[in-house]
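**Q** build the 3D model from these lines:
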Amino acid sequence: MKTKNQTYPSEVPGADTRTFYKRQRAEKRVEQIKGFRIHLGVYLILNALILLGIALASAHQGEPLFRAPSLWTPGLWGLGLAFHAFRVFGLQKVLGSKWEEKQLKKILEEEVQQADAFIKNERYE
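**A** Next up, the predicted model:
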């Protein structure tokens, strides 16, 4: 049974099956990232407003600015946001082999630049 937005490869002119499914996966990935960014934006805006309200109320009542109960909402929501990030980006994004490779490449490039700078300085002295 076909859902509202679902299409099949035979319905897309000029698309082979492999390309069609790659595009479907890419579209799904874009939607996941978009959903996370919206979640992050809402988190930042609403928690800024919540913390501003807490700060104003604390100043008005003469109480300490932040107490443990005032941090429950941002803290627990932040934990949920972290789980959402791991679901969308996965732990591989943070600590995976691509990350390791990228860091290794970055460090090697920095060392090459430092060596080049050292050689240039040696030549002109």
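**Q** what pLDDT does residue 64 get?
**A** Looking at residue 64, its pLDDT is 69.
**Q** could you say what helices and strands the helix or strand harbouring residue 119 packs with?
**A** Taking DSSP states H and E as the criterion, residue 119 maps to helix 97-124. Packed against helix 97-124, as judged by 3 or more Cβ pairs under 8 Å, 6 or more residues apart in numbering; DSSP states H and E, are the following elements: helix 72-95. In short, each C-beta sits where N, CA and C put it, glycine included.
**Q** relative to helix 72-95, how tilted is the helix holding residue 119?
**A** 70 degrees (axes from the mean of the first three to the mean of the last three Cα atoms, to 10 degrees).
**Q** centre of the chain to stretch 79-89, how far?
**A** Remark: stretch 79-89 is offset 9 Å from the chain centroid, using Cα atoms, centre = their mean, to the nearest Å.
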